[in-house]
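Participant: Quick one: sequence and predicted model below, then my questions.
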Amino acid sequence: MSLFRRDPVTGRWTIFTPGKLLIENISVRHRSDTAPGFCPFCPGHESKTPNETFTIKSQDGSQWKLRVVPNKFPALSSDALPAHETYGIYDLIEGFGIHEVVIESPNHTSDFGKYSSEEARNVVRAWQERMKVLSVDKRVRYIMLFRNCGAEAGASLEHPHSQIIAIPIFPRLVADEIESSRRYYEWKERCVFCDIIHEEQAQGIRILIETENFISFVPYAARFPYETWILPRRHQSHFYKIDDKCRDEFAELLLQTLKRIDIALNLPPFNLVLHTTPCHEGEVGHYHWHLEIIPRLARIAGFEWGTGFYLNPILPEDAAKKLNSNLE
Ligand SMILES: [Zn+2]
Ligand SMILES: [Zn+2]
Ligand SMILES: [Zn+2]
């Protein structure tokens, strides 16, 4: 039976069509390699990328374990001034932005789900350190952090990496989430994400992993098959403000969650995005940072583009069950 479910954060509806319609659209997909060739991120090719903005080295300092470098072909330019212009009724902002790449490992064929705990901790530390520094820039209003894994998920280089883009405007999707969360907060005087965590704990059927300070689960109105969210259990607006202990705990939970996805879905392509509060806002009651993992099994088709509804053939409870099976 099909059913509509409403996401309490955005109010967006997903139509679940378990077992039938469109199931063929999520034919199991595996990460396929991007075209082999010269890799500018491999050790020995450091001169092919701009200078590091952050590095983690081996204990004796002879090798790097992780490098953060400005993107050589940035989507946006860090020199432009983010001046707002208008042409008649149309608005325009010059393409200012700071675009960095986190080269997560020297090992070309490694991947997040295969990392050691230490490697995962290093990656999350680099994300936090760079976001902390970039958030001080007065031109920056929002910092996006994302990871494309597999050519189908938009990765142009196979070498494991994530990307950070600091921009002068709020991305629409995040602005929508923040606005809806604010309305919920004004109505109930509680954070919608804190409420979701309590509800997930009470229902207990969509949770993957729960630790002292974090939780990962398949959201009630997941847009995509096996979509997974990770949230800090205690209310926190800004990702970059996590303390060192929580940061390491988060890295481990992310690693274990990605391992489950890799095992259950046999290395699917996926995207990972971090949603956090805009830089110049302090701690706010209505918005709670979180990470969204989207395995790219389904193709977004005309129906989604045309309506904003999503069609998902896998119920979140079934998705959680599958991700929780096959555990060693
Ligand atoms: Zn490489
Ligand atoms: Zn909260
Ligand atoms: Zn979000």
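Facilitator: Ah, there it is. Ligands and ions are numbered 1, 2, ... in the order given.
Participant: Backbone dihedrals for the closest residue to Glu100 other than its chain neighbours, please?
Facilitator: Distances taken as C-beta to C-beta, 6 or more residues apart in numbering place Ile164 nearest to Glu100, at 4.7 Å, with adjacent residues excluded. Where C-beta positions appear, they are placed from N, C-alpha and C, glycine not excepted. The phi and psi torsions at Ile164 (degrees, to the nearest 10) take the values phi -130, psi 130.
Participant: Does Ile164 touch Val102 like I think?
Facilitator: Yes: counting by C-beta atoms under 8 Å, Ile164 does reach Val102; the two are 6.8 Å apart.
Participant: before we move on, the earlier item: look up how far His238 lies from the residue nearest to Glu100.
Facilitator: Distance, Ile164 to His238, using C-beta to C-beta, to the nearest Å: 15 Å.
Participant: likewise Ala202?
Facilitator: Separation of Ala202 from His238 (C-beta to C-beta): 27 Å.
Participant: higher neighbour count, those two?
Facilitator: For Ala202 versus His238, the count of surrounding residues by other C-beta atoms under 10 Å is larger for His238: 20 against 7.
Participant: list residues touching both of Ile164 and Val102?
Facilitator: Common contacts of Ile164 and Val102 (C-beta atoms under 8 Å, 6 or more residues apart in numbering): Val68, Trp127, Arg130.
Participant: Count residues in the vicinity of the last one, would you?
Facilitator: Going back to what we said before, that points to Arg130. Applying other C-beta under 10 Å, we find 21 residues neighbouring Arg130.
Participant: what do you get for the first one?
Facilitator: Other residues within reach of Val68 by the criterion other C-beta under 10 Å amount to 22.
Participant: next one: Pro106
Facilitator: With other C-beta under 10 Å as criterion, Pro106 counts 18.
Participant: The one 10 residues further on too?
Facilitator: Around Ser116 sit 11 other residues, with neighbours defined as other C-beta under 10 Å.
Participant: Let me see the backbone angles for Leu323.
Facilitator: Phi and psi for Leu323, reported as degrees, to the nearest 10, are phi -70, psi -30.
Participant: That one against Glu227, yeah?
Facilitator: No: using C-beta under 8 Å as the test, Leu323 is too far from Glu227 to be in contact (10.8 Å).
Participant: got any residues that touch both of those two?
Facilitator: Between them, Leu323 and Glu227 share the contacting residues Val218, judged by C-beta under 8 Å, 6+ apart.
Participant: for the residue in the stretch 151-300 of the chain that ligand 1 sits nearest to, what are its contacts?
Facilitator: The minimum distance from the stretch 151-300 of the chain to ligand 1, using C-beta to the ion, falls at His159 (3.4 Å). By C-beta under 8 Å, 6+ apart, His159 lies in contact with Cys39, Phe41, Cys42, Ile103, His108.
Participant: Show the buried residues in those.
Facilitator: Phe41, Ile103 (16 or more other C-beta atoms under 10 Å).
Participant: when you check ligand 2, which of the contacts of His159 turn up near it?
Facilitator: Here nothing survives when the contacts of His159 are matched to ligand 2 using C-beta under 5 Å from the ion.
Participant: and the contacts of His159 as a markdown table, adding secondary structure and pLDDT?
Facilitator: Below are those laid out as a markdown table (DSSP: H, G, I helix; E, B strand; the rest coil; pLDDT from 0 to 100):
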| residue | secondary structure | pLDDT |
| --- | --- | --- |
| Cys39 | coil | 91 |
| Phe41 | coil | 94 |
| Cys42 | coil | 95 |
| Ile103 | strand | 97 |
| His108 | coil | 94 |
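Participant: From the contact counts, what lies against the helix or strand encompassing Glu317?
Facilitator: Assigned by DSSP states H and E, Glu317 belongs to helix 316-324. Secondary-structure packing of helix 316-324 (3 or more C-beta pairs under 8 Å, 6 or more residues apart in numbering; DSSP states H and E): strand 207-210, helix 244-265.
Participant: Pull out the buried residues from the longest one.
Facilitator: Pointing back at helix 244-265 there. So for helix 244-265, counting by 16+ other C-beta under 10 Å, buried means 246-262, 264-265.
Participant: Show the subsequent helix or strand relative to it.
Facilitator: Heading C-terminal from helix 244-265 (DSSP H and E), you reach strand 270-275.
Participant: now the helix or strand just after that next one: how far from the chain's centre is it?
Facilitator: The element immediately downstream of strand 270-275 (helix or strand, assigned by DSSP H and E) is strand 290-295. Remark: strand 290-295 is offset 5 Å from the chain centroid, using C-alpha atoms, centre = their mean, to the nearest Å.
Participant: So what are the sheet partners of strand 290-295 and their directions?
Facilitator: Note on strand 290-295: by DSSP bridges, its sheet partners are strand 228-232 (antiparallel), strand 270-275 (antiparallel).
Participant: And the contacts of it?
Facilitator: Here strand 290-295 makes contact (C-beta under 8 Å, 6+ apart) with 193, 223-232, 254, 257-258, 261, 265, 268-275.
Participant: just the angle between that strand and helix 244-265, please?
Facilitator: The directions of strand 290-295 and helix 244-265 differ by 20 degrees, with axes from the mean of the first three to the mean of the last three C-alpha atoms, to 10 degrees as the criterion.
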